[in-house]
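# Quick one: sequence and predicted model below, then my questions.
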Amino acid sequence: MAIGKRFKKASEGLNPETYYSLGDAVKLVKARATAKFDETIELSLNLNIDPKKSEQNLRGTVMLPSGTGKTLRVAVFAKGARADEAKAAGADIVGAEDLAEKVQAGQIEFDRAIATPDMMGIVGRLGKVLGPRGLMPNPKLGTVTPNVTEAVKAAKGGQVEYRTEKAGIIHAGVGKASFTEDAIAANVKAFVGAITRSRPTGIKGAFIKRISLSSTMGPGVKLELTSLA
């Protein structure tokens, strides 16, 4: 009941049919993020795509200039010098067969997994465990790479992953309610820009149909697409 009352109060003064400029939307969302914790600012994009077609099932990463406001725990599957590099770069967990055994046993104490190419014979066997959690290292996402230093620093420095959900929707956290308005706006522009550049060939008409911004506990606010240029 308390959540319902809070949501109703947060929705006061908002017209669900109105499209707001990015600046106004950020102000409205921040003002309505009144929970006792630092709410995540969330972006939702409705795209003119068919996720059932592999070429339109988008997945990738975006570096947010203002960071995410979250502290990611990063695991790296590597041996020897690459393992040393991962530790020096700030990886929280580094291992090879020993780490794979922990994962198989259900000890998944990380938010992002990175692997060197030579480790994929081992990591590949973890697909049924890591795949459903969105943690499987993937070359397209830069998480299967010999450059573990760069991958770890990117994960720790504000990189977010995205993937298309059913009905052609992409959701992403783009900051925290405690961020400044400018910081949130910069992250929104960076994320939308990356999605715009990933437009598949053959799409007819508008690629992005709708974008809305919200906080974890707050109502969604529709964005004017022209304000994101």
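Nice, I can see it. Numbering: from 1, shown residues only.

# How many neighbouring residues does the nearest residue to G127 once chain neighbours are set aside have?
Nearest non-adjacent residue to G127, counting by Cβ to Cβ, 6 or more residues apart in numbering: M136, 5.9 Å away. Where you see a C-beta, it was placed from the backbone N, CA and C, and this is true even at glycine. Counted by other Cβ atoms under 10 Å, the residues lying close to M136 total 19.

# Output stretch 215-226 as CSV, nothing but the C-alphas.
The C-alpha coordinates for stretch 215-226 follow below in CSV (Å, rounded to 0.1, in the frame of the first residue of the first chain):
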residue,chain,number,x,y,z
SER,A,215,13.6,5.9,-11.4
THR,A,216,13.4,2.5,-9.7
MET,A,217,10.2,3.4,-7.8
GLY,A,218,8.9,6.3,-9.9
PRO,A,219,6.7,6.7,-13.0
GLY,A,220,8.0,6.8,-16.5
VAL,A,221,8.4,10.1,-18.4
LYS,A,222,8.3,10.1,-22.2
LEU,A,223,11.2,11.8,-23.9
GLU,A,224,11.1,14.0,-27.0
LEU,A,225,13.4,12.3,-29.5
THR,A,226,14.5,15.6,-31.0
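
# Make 22 the first number, not 1, from now on.
Renumbered: residue one is now 22, and that last one reads stretch 236-247.

# which residues touch that stretch?
The contact list for stretch 236-247 (Cβ atoms under 8 Å, 6 or more residues apart in numbering) reads 24, 27-28, 31-32, 35, 37, 39-43, 46, 49-51, 53-56, 58, 60-63, 65, 198, 209, 229, 231-235.

# Can you say which of the residues you listed are buried?
Taking 16 or more other Cβ atoms under 10 Å as the criterion, what is buried in those is 31, 35, 40-41, 43, 46, 49-51, 53-54, 60-63, 65, 198, 209, 229, 232-235.

# In helices, which of those appear?
Among those, the members falling in helices (DSSP state H) are A31, L43, A46, L49, V50, K51, V209.
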